[in-house]
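S.K.: no FASTA, just this:
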């Protein structure tokens, strides 16, 4: 497998607009299967750390499939938002599309709209091309996405932001490519999930958090997935507002990694998004 370093032109497929800036990327694939891969960078990290993260995220063993429950809830939120706005034939960017599984699962709910998958991982994009008609290699930092300003009606950003060294620049770039009033559908694991509250009281590292790229230390689970940041519902709302978005709604979704006997409780917790496993935010570019 070959990894493309920043500064090289590596655009594949067709994008919704002509590009400003190279499609060179650094970015993660996803988290415990809760995300869709990523197309964002670690450009502000030290060179050694950046190279280590790139190698980690290009590893085909790192999961890039998305939890279906989260995917479908998010797709329904986006479809409803586009319908309410009277938008037809929308250009939807799946930023961090991973292997395209999530976008393919959401496709029936987004019929009539054009979905463009964007990721940095060469391996993930190779697989995504078997599922998506439009695929672009790109990143959110170190030059930005290979897309023009205000070219998209919506952006899906699923389980990506928790992997980023610089989430502020990533949100700035997403805002740049969205049209005024454009929709951002963002999902991320919840630091304050109901079980994490109990784990912290017991002195146990919360689920979704990581202290190493080499192994799991002090928390449940067996898979290293590269999380650098975690958010509560309150923090996520505040960050999106500060980044130039109007938050429409924050909902909850279950996490497929919850043990089977606790899944009913996990689904019930979605009624209180601040305690749900996964946060689903819908915001609009202000």
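M.R.: Received, thanks. On a predicted model such as this, the values are computed, not experimentally measured, just so you know.

S.K.: pretty sure residue 184 contacts residue 153?
M.R.: No. Using C-beta atoms under 8 Å, residue 184 makes no contact with residue 153, being 10.9 Å away. Every residue, glycine included, has its C-beta placed from N, CA and C.

S.K.: joint contacts of those two?
M.R.: Common neighbours of residue 184 and residue 153 (criterion: C-beta atoms under 8 Å, 6 or more residues apart in numbering): residue 178.

S.K.: got the phi/psi numbers for residue 178?
M.R.: Dihedral angles of residue 178 (phi, psi; degrees, to the nearest 10) stand at phi -80, psi 140.

S.K.: wait, doesn't it sit right on residue 148?
M.R.: No. Assessed by C-beta under 8 Å, residue 178 is found out of contact with residue 148, at 11.5 Å.

S.K.: neighbour-wise, which of these two wins?
M.R.: Per other C-beta atoms under 10 Å, whichever of residue 178 and residue 148 has more neighbours is residue 178, with 24 against 16.

S.K.: and the more buried one, bridged to which residues?
M.R.: As for beta bridges, residue 178 partners with residue 152 under DSSP bridges.

S.K.: please identify the helix or strand for residue 173.
M.R.: For residue 173, the host element (DSSP states H and E) is helix 167-177.

S.K.: which strands and helices lie in contact with that helix?
M.R.: Here helix 167-177 touches strand 152-158, helix 233-242, going by 3 or more C-beta pairs under 8 Å, 6 or more residues apart in numbering; DSSP states H and E.

S.K.: avg pLDDT for the shortest one?
M.R.: What it means is strand 152-158. Averaging pLDDT along strand 152-158 gives 97.

S.K.: what angle do helix 167-177 and that strand make with each other?
M.R.: Interaxial angle, strand 152-158 versus helix 167-177 (axes from the mean of the first three to the mean of the last three C-alpha atoms, to 10 degrees): 150 degrees.

S.K.: all strands of the stretch 1-150 of the chain, in order?
M.R.: Listed in chain order, the strands of the stretch 1-150 of the chain (DSSP state E, counting those that start in this stretch) span residues 91-95, 114-119, 134-137.

S.K.: parallel or antiparallel, list what pairs with the longest one.
M.R.: Strands that pair with strand 114-119, judged by DSSP bridges, come out as strand 91-95 (parallel), strand 134-137 (parallel).

S.K.: need the winner for burial among those strands.
M.R.: strand 91-95 (a mean of 28; mean count of other C-beta atoms under 10 Å).

S.K.: closest one to residue 223 among the strands paired with strand 114-119?
M.R.: strand 91-95 (22.7 Å; C-beta to C-beta).

S.K.: and the contacts of that closest one?
M.R.: Under the criterion C-beta under 8 Å, 6+ apart, residues 16, 36, 38-40, 78, 102-103, 110, 113-118, 132, 140, 145, 147, 151-158, 160, 174, 177 lie in contact with strand 91-95.

S.K.: try stretch 174-181
M.R.: 17, 85, 93, 95, 140, 144-145, 147-155, 157, 184, 243-245, 284-285.
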